[in-house]
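[1] Below is the sequence, then the predicted model.
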Amino acid sequence: QVQLVESGGGLVQAGGSLRLSCAASGRTFNIYAMGWFRQAPGKDRDFVASINWRDASPQYQDSVKGRFTISRDNAKNTVYLQMNTLKPEDTAVYYCAAAVNPKLVRRLSSVMEYDYWGQGTQVTVSS
C-alpha cells in the first residue's frame, strides 16, 4: 500500500503561482512513476504532468507546458508541481497519483496507469 497526501492548493489571482506537494509513504520502493491530474466540476479527470521516478524524465499536457514544472525528491518521497502564470482555466481539484504495478502498455498520461491516488487539493485561480 502507498499513501499519498497533497498540499499547497489555494486561491490565487491570474498570473500568480502555486506549488503543490505530494508526500508518499508506505511501500514507496515500488513506485516507478508519479503523476498530477486535475478535475474541474462536471469534467473528467485530466492529465497534467508525470515524472519517471528513476530518471526524473517529465511529461506534460500541452496546455501547461512552459508554465508548470514537475519535480521529485526521492529522499523525501515527494513530488512537486510548480505552477506559474496560472489562468482561470487551471481551476480544479488537483490529484497526485503513484504507479507501482507495471502495465502491459505504459501510458503515464492515463489514469489507468496509476494504482494509488491522493485525496486532492483545490486550486482556484481568479480572473
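    Arrived safely, thanks for sending.

[2] going forward, measure contacts between C-alpha atoms and count neighbours the same way
    Noted.

[3] Could you find the closest non-adjacent residue to the spatially most central residue of the chain?
    The chain has residue 36 as the residue nearest its centroid, 1.7 Å off, counting by C-alpha atoms, centre = their mean. Nearest non-adjacent residue to residue 36, counting by C-alpha to C-alpha, 6 or more residues apart in numbering: residue 96, 4.5 Å away.

[4] sorry, back to before: contacting residues around the one helix or strand the residue nearest to the centre of the chain maps to?
    Assigned by DSSP states H and E, residue 36 belongs to strand 33-39. Contact with strand 33-39 is made by 45-54, 79, 81, 92-100, 108-109, 114, as judged by C-alpha atoms under 8 Å, 6 or more residues apart in numbering.

[5] and these, which are buried?
    In terms of neighbour count (16 or more other C-alpha atoms under 10 Å), the buried residues within the contacts of strand 33-39 are 45-53, 79, 81, 92-100, 108-109, 114.

[6] before we move on, what SS does residue 112 have?
    Put simply, residue 112 is helix when judged by DSSP: H, G, I helix; E, B strand; the rest coil.
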